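**Q** here is my input, please return the structure:
(4 chains)
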There are 4 protein chains.
Amino acid sequence: MAAKKPLNIGLVGYGFMGRTHSNGYKRVNDFFDLEYRPVLKAVCGRSAANAQTFADKWGYESIETDWRKLIDRKDIDAIDICTPNNTHAEIAIAAAAAGKMILCEKPLSMDLVEGQTMVEAIEKAGVPNTVWYNYRRVPAVTLAKQLIDEGRLGRVFHYRANFLQDWTISSELPQGGAGLWRLDAAAAGSGVTGDLLAHCIDTALWLNGGISNVSAMTETFIKERKHSETGKVEPVSIDDACAFLCRFENGSLGLFESTRYARGHKALYTFEINGEKASIKWDLHDLHRLEYFDHGDESKLRGWRSIHVTDSDHPYMKHWWVPGLQIGYEHTFVHQVADFLGGLAAGKPTSPTFREALATQAVCDAVLDSAEVGQWQTVVPV
Amino acid sequence: MAAKKPLNIGLVGYGFMGRTHSNGYKRVNDFFDLEYRPVLKAVCGRSAANAQTFADKWGYESIETDWRKLIDRKDIDAIDICTPNNTHAEIAIAAAAAGKMILCEKPLSMDLVEGQTMVEAIEKAGVPNTVWYNYRRVPAVTLAKQLIDEGRLGRVFHYRANFLQDWTISSELPQGGAGLWRLDAAAAGSGVTGDLLAHCIDTALWLNGGISNVSAMTETFIKERKHSETGKVEPVSIDDACAFLCRFENGSLGLFESTRYARGHKALYTFEINGEKASIKWDLHDLHRLEYFDHGDESKLRGWRSIHVTDSDHPYMKHWWVPGLQIGYEHTFVHQVADFLGGLAAGKPTSPTFREALATQAVCDAVLDSAEVGQWQTVVPV
Amino acid sequence: MAAKKPLNIGLVGYGFMGRTHSNGYKRVNDFFDLEYRPVLKAVCGRSAANAQTFADKWGYESIETDWRKLIDRKDIDAIDICTPNNTHAEIAIAAAAAGKMILCEKPLSMDLVEGQTMVEAIEKAGVPNTVWYNYRRVPAVTLAKQLIDEGRLGRVFHYRANFLQDWTISSELPQGGAGLWRLDAAAAGSGVTGDLLAHCIDTALWLNGGISNVSAMTETFIKERKHSETGKVEPVSIDDACAFLCRFENGSLGLFESTRYARGHKALYTFEINGEKASIKWDLHDLHRLEYFDHGDESKLRGWRSIHVTDSDHPYMKHWWVPGLQIGYEHTFVHQVADFLGGLAAGKPTSPTFREALATQAVCDAVLDSAEVGQWQTVVPV
Amino acid sequence: MAAKKPLNIGLVGYGFMGRTHSNGYKRVNDFFDLEYRPVLKAVCGRSAANAQTFADKWGYESIETDWRKLIDRKDIDAIDICTPNNTHAEIAIAAAAAGKMILCEKPLSMDLVEGQTMVEAIEKAGVPNTVWYNYRRVPAVTLAKQLIDEGRLGRVFHYRANFLQDWTISSELPQGGAGLWRLDAAAAGSGVTGDLLAHCIDTALWLNGGISNVSAMTETFIKERKHSETGKVEPVSIDDACAFLCRFENGSLGLFESTRYARGHKALYTFEINGEKASIKWDLHDLHRLEYFDHGDESKLRGWRSIHVTDSDHPYMKHWWVPGLQIGYEHTFVHQVADFLGGLAAGKPTSPTFREALATQAVCDAVLDSAEVGQWQTVVPV
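**A** Numbering: from 1, shown residues only, chains lettered A, B, ... in the order given. Next comes the predicted model:
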């Protein structure tokens, strides 16, 4: 067996996403036959102590406390950006200028304009890149994509998606700071729109094509929270909930909703697509299943099929265990690493690229604008 | 046992709803102890032959072919209106003038203005009245109302409802005429908005209070269909699908959708309410269940409870069988008859009255207006 | 329309089953086009007051307090037996001798020997007869039968069924007397075996053919209960739970269980059949659904289909409402009346006949014997 | 941070279980804080080429082709046995004699007698040991154990479990050889009894205590299959299906079934426990959920709770991601490694030990004996 080519990773940020990505790098070669092998070269964070703890835990060879230094290192091939959203652009643009490959957490940017500067930089640099919209690579979701590409749904009439959580209902929860920067618009750009709806939108654009225009509403249910960094009670700047209507370019109607105030739902990302010939449903809480209704079935035997997506002819599943044995959330990151490494070997881009992720940003901007002005907004083409 | 007081029913229309109402009248005394007993006195329809067939089938004592004559009959106490929507107003106003009680199929009217004339007439006449928004009386839905009234949900953040069908996807289906007048705006007023969303809105107003404003979109997927009455291909005048965002007066956000193009769903009316303390879900396809999530449950044992609403301490259920044995769709009409008769005996109105149904009409109008002009619309208070 | 032929019913017993049967008679002609029309001629019970109350409620024309008198009446065509199990034989044999048709509640008899005397009597008299194993006529169950008869399952490997309840867990519950005779072996013959497993066995024999031999165990969890009639604490004589293994004549393996101590289940009758080509599952708690797995489906799209058995091409459903609107428990009795009346008109027996019900009795006897002696028992052919 | 103590692993066998165990060793320190760190020292298999491929894939430092040599190596601390069942005893006894720790795949042995020799050897050697009954460490199953230990179920009435698969229905499938030794009794000892029922029994003994006696039946549906090693069509020696009734020492009744002929089920391991106060259900196909019914809930709001076992207060889950994000099958092995390493550090045995696994063997033997002789069998105490 030929030795695998090392791909030296420099990880910026060591929070929740730092763990999911690291796990992806470490596990991929155990399960996928690839030309490349990720090497955990360095992790970078502002706190040397925390970075070192993370490095010890996950096996990173070294640490940095300044991402600029990390980017300068010759022994780093790829920069993985896991920091809060307000730092993505600066790091990505610098990394591109240094000729590094880039794997960036979603959402791409704070807004569309910033995202455009990132895309320009990265395309100018010509470096391999991808954005971690990981849910595309849940096997059931990838199977949905296959079914659509095979034309099984026919003309699409409806697309609906929601992402419902309930973890911020307590008014005692502070905003800002480690772990809670998602409640601070200065760090996150927006609330559920960029955090949760961005996932729904990315999947929708992939499965159902472009969105033309939107009508949205947002709400901030808890108006003030203590800020972890200032220690003071401050106005909450993010959207706690956001819902929007839209029309897709293919003529179908869309309905999207996201919130952190849906008591009883921890991370209920669902979508459903209704086509002339068939329909599809999926739910993150049981991510290993795809619901499928085929109007072509014999009339008296038609019903929603609950497909347990664990067979070797299901996307990605031949790499794992045996039929009936489910994988989990973390595997989506392993799949994205596998596809990225496979793309490198084949000289092909790995979807979603920065440019593809920019399209999601354009929809998010239109959604937030629509909610602010109370009017339908056209989505800017990217 | 004292003899029951007869309540002589005059039914106008003998279609699908004529059957559900007749079944309600015939069965109610077998299961409920009531002062009144409905008597199937007469059924009225334009075709004497069809009316007679219906009368023979269901046991109506006589027939009429002109509803004005029916209203004139001294032996009729209550007029039940089951005709297409464009006839509700004229019949109801005449019946009210004649001092008859009125039970009217939903939606109340073709639009808000027409509905207002009906409410004025009926309130001037002071006759008992109700509108057949039957889903309020699914035991699981009534239980939801109880839970809300008991304050178990706390502050409500979200309300979402949809009513999904798939029976008009084929372009071969004609519009207009018997059984298909729901595809003809001249007879129905609107498409799914009045037919399906009206149900969702009625339940929502009952469970969650008034709606302030809406942003809607509608779509007609099949633009032309053969008209059953003219025999010609004509433009389709109804909305095939309608979705809207809204804000409730209690500050919660609403999301509603209805369509007849959701492949795989026959009559999927669902709603979900997310409160600070608890959440509720319901689904017409399994109408005997209520899903309930109680945040007050011990943390590690929290989960959505699937309540099989068939116990004697569940609404209406002590009148039926034993725990575990479900009832069906038709029983909602029996319940509404039982409540109407109970209301008569107690001298109390039976919800929803014409006035309450008018509130649904106001929301429907705002929805259709919003979809037409592409702007948020304020709901007219009624 | 030709006048329907009256079929004069004499009902013996007015408990829970008296209600379900009466409802069946009263509703059948509203929904089914039949040559015959049941007439509620008389209800018979030991208490004249209770019988009269029941008669008033349901519209029986007269009452009797001695079933022998009822049988003697010339104006009675059919005797419906709804009394405790220990009275079935005497009434049925007398009714047969009087040339009456007989509709008998299940289980047919106290034991196999008694059942044989009943079958002999009824076959000698040559009167139309049926036993109320109503679950055969749940549309989803009838659909299962259709699928099996069409050969869709192929060779059957496994049959499993259970009937789980939890209503007798409290030791405070007395035995014997009205409503609780099912806890008294003197009246019921056995506990869950005759009450619940008999249903499972009847369905199994119908769907999967004869049972060859069985190995069973029974248990009485609460050993003593106050007896309602004597007022004393007495030993409990029934089986609280019963489970058995069996082999079917077609080579498949069976597993059956029934109990009234399965906390959380009100009336969970389920069965599942695994065939070479397809499998089927059903559950009384959601009786309007049939789960169906077809191995012939394309590999990557195989899944259990949840069939909402409410379409007009599903058994019995064209007589009711529209697709998506479920019926309930009570409709099974309407269906059995419809089939019985249809059978009368066509001169054909209505399944299950007394003889067919005797086969269930043979299995029950083998099961109880096996549990007693702790050995496999061969089922006596009938 | 103090350096972790290495624990040098010698893996015997590199099939499916070799992969699951290796994954457990490799991942455990990324997620659990432990004193020990497994080192993948050597993998042993008869084919050097295959062993090397496996070693390269998973990162084993060396290979062996004779397990005796592996056991002789001073640099090996623990022997992990993943070979066919007929080799467990010899390897385990030799490893014990050499003072190695032992982690053995289930079932422990070919039969009870053989198992007893293993237990004697290992207890005499006093080496740490465990058997890979991994399903105990599905978080939902561990939660079930907690609930039972907390007394939440009260007196238990019923335990039922099944393990249903459908992968051997085709008569074209050969027996014997790599991957298919489970169809050959010479290698496997038995069919589904040792492979699948052993899991059900292990969980049952853990959750519900000892089993007193059993009545079983087995079946071999396909009587002959081509043997992969001889190339000839030979009689099939294993049980394709096995079901049994039993009584637990606590007085509850048990019902167990396993088969590889249940069309539509890939790996449906389910169990349900009915207690006086509460009931529990679990299903491997959705392993991240536990169904829980609490009779203590307010009457009208009782229902089965679907607990999404992904919160930080659920067993093992604080080590993984965030609420709502499920883990999968493979994590059960990571948990067992974590517990084994934790046990080492604490000087405590890791359940199930060889002795505990022997109890499962005793039940399996009684089951197979009962099926053979057609009589109830008493389980030999171990």
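
**Q** could you list the domains of chain A?
**A** A:5-134, A:136-378 (automatic domain parsing).

**Q** show me which residues of chain A sit near chain C.
**A** Residues of chain A lying close to chain C (C-beta under 8 Å from any C-beta of the partner chain) are A:143, A:147, A:290, A:292, A:294, A:297, A:299-308, A:311, A:313-314. Using the backbone N, CA and C atoms, a C-beta is placed for each residue, glycine as well.

**Q** which residues does A:Lys5 bridge with?
**A** A:Tyr36 (DSSP bridges).

**Q** shouldn't it be in contact with A:Val39?
**A** No: the pair A:Lys5 / A:Val39 is not scored as a contact, 10.0 Å apart, by C-beta atoms under 8 Å.

**Q** so the two - more neighbours on which side?
**A** More neighbours surround A:Val39 than the other of A:Lys5 and A:Val39, with 20 against 14 (other C-beta atoms under 10 Å in any protein chain shown).

**Q** didn't the more buried one look like it was pressed against A:Leu7?
**A** Yes: at 6.6 Å, A:Val39 counts as touching A:Leu7 under the criterion of C-beta under 8 Å.

**Q** tell me where the longest helix sits in chain A.
**A** Looking across chain A with DSSP state H, the single longest helix is helix A:354-373.

**Q** helices or strands up against the helix or strand just after it?
**A** Proceeding N to C from helix A:354-373, the next assigned helix or strand is strand A:377-378, under DSSP states H and E. Using 3 or more C-beta pairs under 8 Å, 6 or more residues apart in numbering or on different chains; DSSP states H and E as the contact definition, the elements that strand A:377-378 packs against are strand A:211-219, helix A:354-373.

**Q** one more time with 6 Å
**A** helix A:354-373 (3 or more C-beta pairs under 6 Å, 6 or more residues apart in numbering or on different chains; DSSP states H and E).

**Q** contacts for the helix it packs on, please.
**A** A:108-109, A:111-112, A:115, A:119, A:122, A:129, A:131, A:193-194, A:198, A:201-202, A:205, A:211, A:214-218, A:244, A:377, A:379-380, A:382 (C-beta atoms under 6 Å, 6 or more residues apart in numbering or on different chains).

**Q** can you say which of the residues you listed are buried?
**A** Neighbour counting by 16 or more other C-beta atoms under 10 Å in any protein chain shown classes A:108-109, A:111-112, A:115, A:119, A:122, A:129, A:131, A:193-194, A:198, A:201-202, A:205, A:211, A:214-218, A:244, A:377, A:379-380, A:382 among the contacts of helix A:354-373 as buried.

**Q** report the distance from the longest helix of chain A to the chain centre.
**A** 15 Å (C-alpha atoms, centre = their mean, to the nearest Å).

**Q** nearest residue to the most centrally placed residue in chain A other than its sequence neighbours?
**A** By C-alpha atoms, centre = their mean, chain A has its centre lying nearest to A:Tyr133, at 2.4 Å. In space, and not counting its chain neighbours, A:Tyr133 is closest to A:Asp202: 4.2 Å by C-beta to C-beta, 6 or more residues apart in numbering or on different chains.

**Q** near chain B, which residues of chain A?
**A** When proximity is defined by C-beta under 6 Å from any C-beta of the partner chain, chain A lies next to chain B at A:157-158, A:215, A:217, A:219, A:221, A:241, A:243, A:245, A:253, A:255, A:257, A:261-264, A:274, A:279, A:293, A:295, A:374, A:376.

**Q** so which of those are in helices?
**A** Reading helices off the residues of chain A next to chain B, I find no matches (DSSP H).

**Q** buried subset of the residues you listed?
**A** A:157-158, A:215, A:217, A:219, A:221, A:241, A:243, A:245, A:253, A:255, A:257, A:261-264, A:274, A:279, A:293, A:295, A:376.

**Q** from the residues you listed, which land in strands?
**A** Among those, DSSP state E puts A:157-158, A:215, A:217, A:219, A:241, A:243, A:245, A:253, A:255, A:257, A:274, A:279, A:293 in strands.

**Q** pLDDT below threshold where in the stretch 151-300 of chain A?
**A** For the stretch 151-300 of chain A, no stretch is flagged by pLDDT under 70.

**Q** what residues does it have near chain D?
**A** Residues of the stretch 151-300 of chain A lying near chain D (C-beta under 6 Å from any C-beta): A:266-267, A:285.

**Q** and which of these is nearest B:Val43?
**A** Taking C-beta to C-beta as the measure, B:Val43 lies nearest A:His285 of those, at 49.9 Å.

**Q** enumerate the positions of stretch A:26-34 that are buried.
**A** Residues A:26-32, A:34 are the ones in stretch A:26-34 that count as buried (16+ other C-beta under 10 Å).

**Q** which ones, among those residues, also lie beside chain D?
**A** When contact is defined as C-beta under 6 Å from any C-beta, the buried residues of stretch A:26-34 meet chain D at A:Asp30.

**Q** closest to chain D out of the buried residues of stretch A:26-34?
**A** A:Asp30 (6.0 Å; C-beta to the nearest C-beta).

**Q** so A:Val156 is in contact with A:Asn274, correct?
**A** No: with contacts counted by C-beta atoms under 6 Å, A:Val156 stays clear of A:Asn274, the gap being 7.1 Å.

**Q** separation between the residue nearest to A:Tyr133 and A:Phe256?
**A** According to C-beta to C-beta, to the nearest Å, A:Asp202 and A:Phe256 sit 12 Å apart.

**Q** cool, and A:Asp184?
**A** From A:Asp184 to A:Phe256 the distance is 23 Å (C-beta to C-beta).

**Q** dump the residue contacts of A:Glu234.
**A** A:His227.

**Q** tell me how far it lies from A:Lys223.
**A** Taking C-beta to C-beta, one finds A:Glu234 at 10 Å from A:Lys223.

**Q** can you check A:Glu257 too?
**A** For A:Glu257, the distance to A:Lys223 - C-beta to C-beta - is 21 Å.

**Q** how many residues are close by A:Thr130?
**A** Neighbours around A:Thr130, by other C-beta under 10 Å: 24.

**Q** for it, helix, strand, or coil?
**A** Per DSSP: H, G, I helix; E, B strand; the rest coil, the local secondary structure of A:Thr130 is strand.

**Q** beta partners of it?
**A** Here A:Thr130, judged by DSSP bridges, has bridge partners A:Leu103.

**Q** can I assume it is in contact with A:Leu103?
**A** Yes: in terms of C-beta under 6 Å, A:Thr130 counts as a neighbour of A:Leu103; the distance is 5.4 Å.

**Q** quick revisit: going by distance to chain C, which of the ones in strands among the buried ones among the residues of chain A next to chain B wins?
**A** Of those, the one sitting nearest to chain C (C-beta to the nearest C-beta) turns out to be A:Phe293, at 8.7 Å.

**Q** specify the beta-bridge partners of that closest one.
**A** A:Ser279.

**Q** give the contact list for whichever residue of the stretch 101-250 of chain A sits closest to chain C.
**A** With C-beta to the nearest C-beta, the shortest gap between the stretch 101-250 of chain A and chain C falls at A:Leu143, namely 7.0 Å. If you count contacts by C-beta under 6 Å, 6+ apart, A:Leu143 has them with A:290, A:309, A:314-315.

**Q** before we move on, what SS does it have?
**A** helix.

**Q** swap in the one 3 residues further on?
**A** When the structure is reduced to helix, strand and coil (three-state DSSP), A:Gln146 reads as helix.

**Q** number of nearby residues for it?
**A** By other C-beta under 10 Å, neighbour count at A:Gln146 equals 13.

**Q** assign the closest residue to A:Gly45 other than its chain neighbours to helix, strand or coil.
**A** Closest residue to A:Gly45 apart from its sequence neighbours, by C-beta to C-beta, 6+ apart: A:Ala51 at 4.0 Å. Three-state assignment for A:Ala51 (three-state DSSP): helix.

**Q** verify the stated contact: A:Ala51 with A:Ile63.
**A** Yes: A:Ala51 is within contact range of A:Ile63, at 4.1 Å (criterion: C-beta under 6 Å).
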